[in-house]
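Enquirer: Structure for this input, please:
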Amino acid sequence: AANPLDPADVDFFPLKTPADVDKEHFRAGASVAFWNDWVFEGTPEALRKLVGGIAPTIKSSADARYWAYHVFRSSWFLGQGAAGLMASSILTPGGIFGGVSGGGGGVSAGVAAGTRILSE
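Expert: Purely as a prediction, here's the structure:
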């Protein structure tokens, strides 16, 4: 989000998000702190490392069910993102199907958005 204040005013009116205010009043648990600092690099190697870390945690059928549920659930959301990109591409000039409405984009925009969806 853009800074609505002049940068010179930030000393007088520091910009705080609700999360910043919460951090002043509450201590995050270890799991929350982990996810606040976690960053996915978005590279194939990082994906292999992430997926490779799952196998050692599966020690029972309950563990396998847990991971299967979450992998399929995440895949559903990924599919929804891909469907949205395809629908957008159909309506975008220069898109896969030529497009029927105004705006920029096309295949390269779809690839960039797809990369963001995978990393999130």
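
Enquirer: Tell me which other helices or strands the longest helix along the chain touches.
Expert: For the chain, the helix with the greatest residue count under DSSP state H is helix 61-91. When contacts are defined as 3 or more CB pairs under 8 Å, 6 or more residues apart in numbering; DSSP states H and E, helix 61-91 sits against helix 107-119. No exception for glycine: its C-beta is placed from N, CA and C like everyone else's.

Enquirer: any idea of the mean pLDDT for the helix it packs on?
Expert: Averaged across helix 107-119, the pLDDT comes to 62.

Enquirer: thinking again about what came up before, enumerate the positions of the longest helix of the chain that are buried.
Expert: Burial within helix 61-91, assessed by neighbour count using 16 or more other CB atoms under 10 Å, is assigned to 85, 88-89.

Enquirer: likewise stretch 15-32?
Expert: Quick answer for stretch 15-32: no buried residues (16+ other CB under 10 Å).

Enquirer: so Val39, which of the three states?
Expert: Each residue gets one of three states, and Val39 gets coil by DSSP: H, G, I helix; E, B strand; the rest coil.

Enquirer: Tell me the confidence at Ser61?
Expert: 94.

Enquirer: same deal with Met86?
Expert: Reported pLDDT for Met86: 81.

Enquirer: Against Gly53, how distant is it?
Expert: 31 Å (CB to CB, to the nearest Å).

Enquirer: same thing with Ser75?
Expert: Distance, Ser75 to Gly53, by CB to CB: 18 Å.

Enquirer: for Leu78, same thing?
Expert: Leu78 is 19 Å from Gly53, where distance means CB to CB.
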